[in-house]
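Engineer: Build me a model:
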Amino acid sequence: RGNLNTRLRKLDELQEFSAIILAAAGLQRMGWQHRVGQILHPEECMYAVGQGALGVEVRAKDQDMLDLVGVLHDPETLLRCIAERAFLRHLEGGCSVPVAVHTAMKDGQLYLTGGVWSLDGSDSMQETMQATIRVTA
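Structural biologist: Next up is the predicted model:
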């Protein structure tokens, strides 16, 4: 728990951990790329639904603010988040259910790999789904 400084200090000083999992983007932003020991790929470690997506809420009629934050809109990220949330909703999952996903878009195809685990981790199921996506202007 805590910010990057706190987490890295705990790793370095407390000797209670062998490793820590952090977002590489955050370490890069801080100029601490040298602290990255390994990148976990989706085949090794999927992520929580919506992990890393940014949502911004503004007043519906505040056109200046809508124009300002509109440049942040990424249609692919939106589609991936919608698919991930639909997957979680279908499983009736929440914060206490061990569910993970990985989504990707390639050549008009949306790929969603999802996994769910028993609470003790002894049983799991993973599956990949694919759908054709057509985005109109």
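Engineer: so what secondary structure elements neighbour the biggest helix by length in the chain?
Structural biologist: The longest helix of the chain (DSSP state H) is helix 75-90. When contacts are defined as 3 or more Cβ pairs under 8 Å, 6 or more residues apart in numbering; DSSP states H and E, helix 75-90 packs onto strand 99-106, strand 109-117. Where you see a C-beta, it was placed from the backbone N, CA and C, and this is true even at glycine.
Engineer: what's next to the helix or strand that the last one is followed by, contact-wise?
Structural biologist: Put plainly, it is strand 109-117. Per DSSP states H and E, strand 109-117 leads on to strand 124-132 as the next helix or strand towards the C-terminus. The contact list for strand 124-132, computed with Cβ atoms under 8 Å, 6 or more residues apart in numbering, reads 83, 108, 109, 110, 111, 112, 113, 114, 115, 116, 117, 118.
Engineer: Distance of the residue of the chain most remote from its centre relative to residue 70?
Structural biologist: Of all residues in the chain, the one whose C-alpha sits farthest from the chain's mean C-alpha position, using Cα atoms, centre = their mean, is residue 61 at 30.0 Å. In this structure, residue 61 and residue 70 are 14 Å apart, going by Cβ to Cβ, to the nearest Å.
Engineer: could I get the helices and strands packed on helix 75-90 as JSON lines with distance to residue 37?
Structural biologist: Listed next are those as JSON lines, based on distance: least, Cβ to Cβ, whole Å:
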{"stretch": "strand 99-106", "distance to residue 37": "21"}
{"stretch": "strand 109-117", "distance to residue 37": "24"}
